[in-house]
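Novice: Okay, sequence plus prediction incoming.
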Amino acid sequence: MSKSTISDDYPVDDLDAEFHSNIKLAKSILKTLKRPKDREITSRLIDRVKALNSNSLEVKSNRNKFTKYFLKVLQRNSDTQPKEYDQWFKPSEHREPTQTALWSSDRRTFIATKTIPGFGLLVYMAVTYEPELGWQDYGFLSYDFTNTAQY
């Protein structure tokens with residue numbers, strides 16, 4: 001196919017409009033992907049294709065062919081995501097931390113737990129001969145784990 005045929009069939013403005021439309025569609029499909037690595041790879045590929053800025057009709061035509069193929073692959077990936085992804089990659093619900101602290105009946109063993117929503121569970125256990133020192137009052141039970149943005 002000669003360049004004049006390409007320019008007669010697909011003026012430059014039409015090639016650019018088609019490309020921008022395909023990129024917009026790819027970005028909307030990107031939002032449906034549940035696996036973070038899939039979103040990262042897709043986003044990177046979209047950025048790389050967008051970086052192909054050329055005045056060549058051949059480059060623009062090939063860029064659009066790739067983008068059309070990429071959309072088919074992306075849509076198939078979106079449609080066939082395993083059901084397990086719903087459980088593995090769903091956003092965590094905001095929950096308040098829960099905590100417990102218990103002494104043994106002889107007051108020589110102390111155990112405390114605190115959940116950190118979305119992260120895990122802290123467990124502290126200690127054995128002492130002098131429980132009246134009060135060291136249990138200054139542990140992680142008093143720390144606020146709900147504001148974890150600083151980490």
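Specialist: Perfect, I can see it now.
Novice: now Q75, what's its secondary structure?
Specialist: Classification of Q75 using DSSP: H, G, I helix; E, B strand; the rest coil returns helix.
Novice: how much space between it and V49?
Specialist: Per CB to CB, to the nearest Å, Q75 is found 16 Å from V49. All C-beta atoms are positioned from the backbone trio N, CA, C, and that covers glycine.
Novice: which of those two has more neighbours?
Specialist: V49 (17 against 14; other CB atoms under 10 Å).
Novice: Can you show me the helices along this structure?
Specialist: Here the chain has its helices, by DSSP state H, at 3-9, 12-30, 36-50, 57-79, 84-88.
Novice: List the buried residues of the longest one.
Specialist: Pointing back at helix 57-79 there. Buried residues in helix 57-79, counted by 16 or more other CB atoms under 10 Å: L57, K60, S61, R63, N64, T67, F70, L74, N77, S78.
Novice: Quick one: mean pLDDT over that helix.
Specialist: Averaging pLDDT along helix 57-79 yields 93.
Novice: Please apply the same query to the last one.
Specialist: Here the mean pLDDT over helix 84-88 is 77, rounded to a whole number.
Novice: how distant is it from the center of its chain?
Specialist: Computed by CA atoms, centre = their mean, to the nearest Å, the chain-centroid distance of helix 84-88 equals 13 Å.
Novice: Ramachandran coordinates for S104?
Specialist: Main-chain torsions, S104, degrees, to the nearest 10: phi -70, psi 170.
Novice: pLDDT at it, what is it?
Specialist: On the pLDDT scale, S104 gets 86.
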